[in-house]
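In: whatever this is, show me its structure:
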Amino acid sequence: MVDVSDAESPPDFDPVEPNAGEEFDPVDVFPDSTEFDLRPGSDSCYKCSTCDTNCPVAEVDDDFPGPKFQGPEQWRLKQNEDDYRVDDSVMDCSNCMRCDNACPSGVPLSQMHNTARGEYVAEEMSKTSVEYWRNRVLANYRTSAWLASKVPSVANFAMNFGPARWLMEKTMGITAEYEFPGFAAETFRDWWAREGAAAGSRERAREARERRGEDVDADKRVAYFHGCYSNYNTPEVGKAMVRVFEQFGYEVVVPEQGCSGTPMFANGMLPDARRHAEVNVSSMSDLVDQGYDAIASCTSCSMALRQEYPELFDIEGIEDVAAHTFESVEYLRIHEDLRGEIAEADVDGDLAAEFAYHAPCHARNQGLERQSVELFRDLDGVGIEDVGDSCSGISGTYGWKEEKHEKSMEIGEEMFEHMEAAEGTTGMTECPTCAMQMEHGTGYEIRHPLELLEAALVD
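Out: The predicted structure is shown next:
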């Protein structure tokens, strides 16, 4: 049991209804079996190739066979040919999951890709190859980030020292084109402990409810899944999340957690992802039983908990956690008059007045691609422009691989052009790796929607 004591769209745009926890159902393709049977999803594919035409990798790489082959076609081959081996091209899939949205038949394409990728890594990829160990290091970013956080100044210098970056590219295949993200002097969890953890949040939330004229004993409680990046690299996002939710009278707890598993799915490291998922589900399911909802500030993290976990793993409590997981701004849209409060607010401080907003692919998968534009278009003194539906191209660890970096930049080219054509020179997105790519391609500073919410609403 978890101890929580310490622990510009047109005016007539009709917004997508947010997930309220009851209508979001992960794809159920294995109802009565302990082994994943992907036949029902495969049989639903009628080869329209819509997934292929919506795949950002296939758009820039003529040799990539596309989602249709990687999913249903490869699954059929595997079932009918005893000696069939998963094709190595599955490692060229970036796991953007756009094919899931594109498919008119509801084929669970990303689940098929994740399953095939996991099998390829387990059975076909050499465990002594540089590629395997490079991918393993990238997939397990949380481990290296934890180490770096102990000596952040040293790590920041060493990781961005030119010769060191050149050496990593030549020996490990990690591109030297990106600057490594800086590690914060104080992690989010350290800040959280210093602020009194759950007990401090409880007191601040009660004070906020009293100010708002609400019942001070109201049952408003959320469990924050901060993910790796908000903990080690951008704690300002986690702090903004806590302050915004407490402003609305929510008690916040920060349970024990591992990585969401997103980079592990993308690299076929399913056993690693499962180990982290077991920790996350255990913590979050206990809290769900106590009446908490799980909140994530990264759309890839919320995507993992609410869709990929129940599609790939059979862990006790996993369905309840999926049903009670929300992206942070989405949650406030559901439960509070967020748009009304924003319409009455203005922004003080040094935040930009004009933003170029990019919706991450994993936000689109959850129907959240328009929410920031809808919300902030009514914020006095702030302009926000959607820079289109193109993929950023980085897809987590994909763009960090030397052999894939050029492709990732080709994919992101349309986004870069739209950002540079926008009036604002500050970007905005919910995804930390999309933020890396946006900054890399344009030089703009990138902010998270929660930071703008904090500037607008928090006293």
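In: low-scoring pLDDT stretches of the stretch 201-350 of the chain, where are they?
Out: Counting by pLDDT under 70, the stretch 201-350 of the chain shows low-confidence ranges at 348-349.
In: so what's the most centrally placed residue in the chain up against?
Out: The residue lying closest to the centre of the chain (C-alpha atoms, centre = their mean) is residue 300, at 1.6 Å. By C-beta atoms under 8 Å, 6 or more residues apart in numbering, the contact set of residue 300 is 227, 260, 262, 360, 362, 396, 431, 433. (Glycine included, C-beta is placed from N, CA and C.)
In: is it true that the third one touches residue 304?
Out: Yes - under the criterion of C-beta atoms under 8 Å, residue 262 lies in contact with residue 304, with a separation of 5.1 Å.
In: rewinding a little: make JSON lines out of the contacts of residue 300 and add secondary structure and distance to residue 140.
Out: Converted to JSON lines, the contacts of residue 300 look like this (DSSP: H, G, I helix; E, B strand; the rest coil; distance: C-beta to C-beta, whole Å):
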{"residue": "227", "secondary structure": "helix", "distance to residue 140": "14"}
{"residue": "260", "secondary structure": "coil", "distance to residue 140": "12"}
{"residue": "262", "secondary structure": "helix", "distance to residue 140": "12"}
{"residue": "360", "secondary structure": "coil", "distance to residue 140": "22"}
{"residue": "362", "secondary structure": "helix", "distance to residue 140": "20"}
{"residue": "396", "secondary structure": "coil", "distance to residue 140": "12"}
{"residue": "431", "secondary structure": "coil", "distance to residue 140": "19"}
{"residue": "433", "secondary structure": "helix", "distance to residue 140": "15"}
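In: name the single longest helix found in this structure.
Out: helix 270-289 (DSSP state H).
In: show me what it is packed against.
Out: helix 109-123, strand 221-225, helix 262-266, strand 293-296, helix 309-312, helix 318-323 (3 or more C-beta pairs under 8 Å, 6 or more residues apart in numbering; DSSP states H and E).
In: can you pull the phi/psi pair for residue 136?
Out: phi -70, psi -40 (degrees, to the nearest 10).
In: now swap in residue 356 and tell me
Out: Dihedral pair for residue 356: phi -100, psi 110, per degrees, to the nearest 10.
In: quick check: it vs residue 342, distance?
Out: 19 Å (C-beta to C-beta, to the nearest Å).
In: more crowded one of the two?
Out: Counting neighbours by other C-beta atoms under 10 Å for residue 356 and for residue 342 shows that residue 356 has the greater number, 28 against 21.
In: any idea how far residue 338 is from that one?
Out: Counting by C-beta to C-beta - residue 356 and residue 338 are separated by 22 Å.
In: sorry, back to before: with distance to residue 239 and mean neighbour count as added columns, please give the helices and strands packed on helix 270-289 in JSON lines.
Out: JSON lines is the format used below for the helices and strands packed on helix 270-289 (distance: least, C-beta to C-beta, whole Å; neighbours: other C-beta atoms under 10 Å):
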{"stretch": "helix 109-123", "distance to residue 239": "32", "mean neighbour count": "22"}
{"stretch": "strand 221-225", "distance to residue 239": "11", "mean neighbour count": "25"}
{"stretch": "helix 262-266", "distance to residue 239": "22", "mean neighbour count": "28"}
{"stretch": "strand 293-296", "distance to residue 239": "14", "mean neighbour count": "26"}
{"stretch": "helix 309-312", "distance to residue 239": "27", "mean neighbour count": "23"}
{"stretch": "helix 318-323", "distance to residue 239": "24", "mean neighbour count": "21"}
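In: and residue 447, which of the ones you listed is closest to it?
Out: Comparison of the helices and strands packed on helix 270-289 against residue 447 by C-beta to C-beta identifies strand 293-296 as nearest, at 17.6 Å.
In: give the next helix or strand downstream of that closest one.
Out: Scanning forward in sequence from strand 293-296 by DSSP states H and E, the next helix or strand is helix 299-303.
In: about what we covered before: how near is the residue nearest to the centre of the chain to residue 417?
Out: 24 Å.
In: residue 85 now?
Out: With C-beta to C-beta as the criterion, residue 85 and residue 417 are 40 Å apart.
In: so which of those two has more stuff around it?
Out: Ranked by neighbour count (other C-beta under 10 Å), residue 85 and residue 417 place residue 417 first, with 15 against 12.
In: per-residue confidence at that one?
Out: You'll see residue 417 listed with a pLDDT of 97.
In: surely it is within a helix?
Out: Yes - counting by DSSP: H, G, I helix; E, B strand; the rest coil, residue 417 falls inside a helix.
In: tell me the contacts of it?
Out: Residue 417 makes no contacts at all, as judged by C-beta under 8 Å, 6+ apart.
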